[in-house]
Each structure stands twice: as C-alpha cells, then as structure tokens.
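Asks: Sequence and predicted structure, then a few things I'm wondering about:
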Amino acid sequence: MIRKLALATAFVFAASAAQAADVYKLEPGHTQVLFQYNHMGYSNITGSFTKVEGEINLDTADLAKSSVKATISIDSVSTGVAKLDEHLKSGDFFDAPKFANATFASNKVEKTGEKALKVSGDLTIHGVTKPVTFDVTVNAIGEHPMAKKPAAGFDATAKIKRSDFGISKYVPNVSDDVTIRITTEAVKG
C-alpha cells in the first residue's frame with residue numbers, strides 16, 4: 001500500500017511539473033525577425049521576415065523550464081527593395097523554392113539576470129542545422145492590457161555566420177557575419 005501511495009504521489013508531482021508550462025502563441029502582428037549584414041564595407045543593410053509562426057512553452061515560475069519553437073517563411077523576406085528581395089530568395093542566398101522555411105527549436109534556457117536569459121537551440125536555415133544561442137531580454141510577463149489574456153514579450157539577439165548554413169556567395173564583400181534581432185509578443189491560449 002505504501003508503495004502504491006508513493007507511486008501515486010510521484011505521478012501527481014510529475015503531472016504537476018509537466019503542466020507548469022503554458023503554451024503562448026507568437027502574435028504575428030507583434031513579432032519581427034530582423035537581420036543585418038555589411039555590404040562591401042559601405043553600408044549595413046537590414047531586412048526582415050514578415051511571416052513567423054511559433055509558440056513558447058512558458059513556465060512563469062521558473063523561466064529556465066521554458067522552451068520555444070518558431071518557423072519563419074523564407075519567401076517573406078523583405079528589405080524594402082523588391083530586386084534585392086528576389087535576389088535573397090534566389091539560389092545565390094536562401095534558395096526559397098528549395099528551402100521554404102527556417103526553424104528554431106530551443107533545447108536550453110538559462111536565467112542570466114533578473115530580466116535576462118540565454119536561449120540555446122537548433123537553428124535550421126538552407127537545410128543546415130547549427131546550434132545558436134540568443135541573448136534574451138524579458139520585456140514583460142503579465143495580463144495584456146488590451147487582450148485581457150496572459151501575455152509575454154521578449155527581445156532576442158544572436159550573431160551567426162551565413163557560411164555555416166551553406167550560404168557563402170559573395171563573402172567577404174557581403175559579410176559572413178549576420179546579426180539577428182527578434183522582438184515578439186506571445187499570448188496564452
């Protein structure tokens with residue numbers, strides 16, 4: 001009987017721990033994935049991806065137990081220059097017809113300060129998966145004043161080398177180093 005009670009108690013604690021994280025969906029209208037690279041030493045070009053989907057399994061009691069998954073449509077690349085957008089979608093760079101999406105799936109979250117995290121995971125671009133760590137700022141977690149639902153907001157930054165993902169055309173004239181900046185709001189439910 002004691003053994004059954006111990007097993008039942010362990011099951012309840014395991015179920016409670018598994019339910020501690022809630023699913024928050026990324027809000028497409030309040031999520032931006034931006035990138036920046038240097039062009040021939042003269043300019044620092046920026047662009048974005050306008051179609052992003054994903055979710056955060058958010059444990060508000062212990063953020064280190066949280067996780068994130070996101071999918072970015074490569075075809076949604078936007079620099080504000082239509083000709084450049086088409087070139088970035090081509091085989092010289094992202095090859096959007098062949099590699100339609102980029103993805104990120106976290107595998108570790110570390111709390112590094114009161115509102116700071118390091119989120120590590122696997123980034124897949126151009127069919128190549130590499131480990132990447134984002135420095136994350138927790139902007140806010142609480143009831144969204146307009147949606148009246150639990151919400152969370154984060155900013156994240158990482159630097160990658162595009163050649164690590166098989167995108168090396170024009171290096172070094174078009175820099176190998178690319179800075180990624182993400183800002184997002186996510187709503188529970």
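Replies: The structure has been received and is ready for your questions. Residues are numbered from 1 along each chain as shown.

Asks: all contacts plus neighbour counts: C-alpha atoms, from now on.
Replies: Noted.

Asks: What are the contacting residues of stretch 33-40?
Replies: 44-50, 52, 172-183 (C-alpha atoms under 8 Å, 6 or more residues apart in numbering).

Asks: ok, now with 7 Å
Replies: Stretch 33-40 has contacts (C-alpha atoms under 7 Å, 6 or more residues apart in numbering) with 44-49, 173-175, 177-183.

Asks: and which of the residues you listed is nearest residue 133?
Replies: residue 180 (11.0 Å; C-alpha to C-alpha).

Asks: List the pairing partners of the helix or strand that closest one falls within within its sheet, with orientation.
Replies: When elements are assigned from DSSP states H and E, residue 180 belongs to strand 177-188. Here strand 177-188 is paired, per DSSP bridges, with strand 22-26 (antiparallel), strand 32-39 (antiparallel), strand 150-161 (antiparallel).

Asks: Name the residues that touch that strand?
Replies: Contacts for strand 177-188 (C-alpha under 7 Å, 6+ apart): 22-27, 30-37, 149-162.

Asks: again, but for stretch 93-100
Replies: With C-alpha under 7 Å, 6+ apart as the test, stretch 93-100 has contacts from 73-75, 88-90, 126-127, 167, 169.

Asks: would a markdown table of these with neighbour count, pLDDT and distance to residue 102 be doable?
Replies: Listed next are the contacts of stretch 93-100 as a markdown table, based on neighbours: other C-alpha atoms under 10 Å; pLDDT from 0 to 100; distance: C-alpha to C-alpha, whole Å:
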| residue | neighbour count | pLDDT | distance to residue 102 |
| --- | --- | --- | --- |
| 73 | 17 | 98 | 7 |
| 74 | 24 | 98 | 7 |
| 75 | 21 | 97 | 10 |
| 88 | 19 | 97 | 14 |
| 89 | 21 | 98 | 13 |
| 90 | 15 | 98 | 15 |
| 126 | 21 | 98 | 7 |
| 127 | 16 | 97 | 8 |
| 167 | 19 | 98 | 13 |
| 169 | 15 | 96 | 19 |
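
Asks: Out of these, which sit inside helices?
Replies: With DSSP state H as the criterion, helices contain 88-89 from among those.
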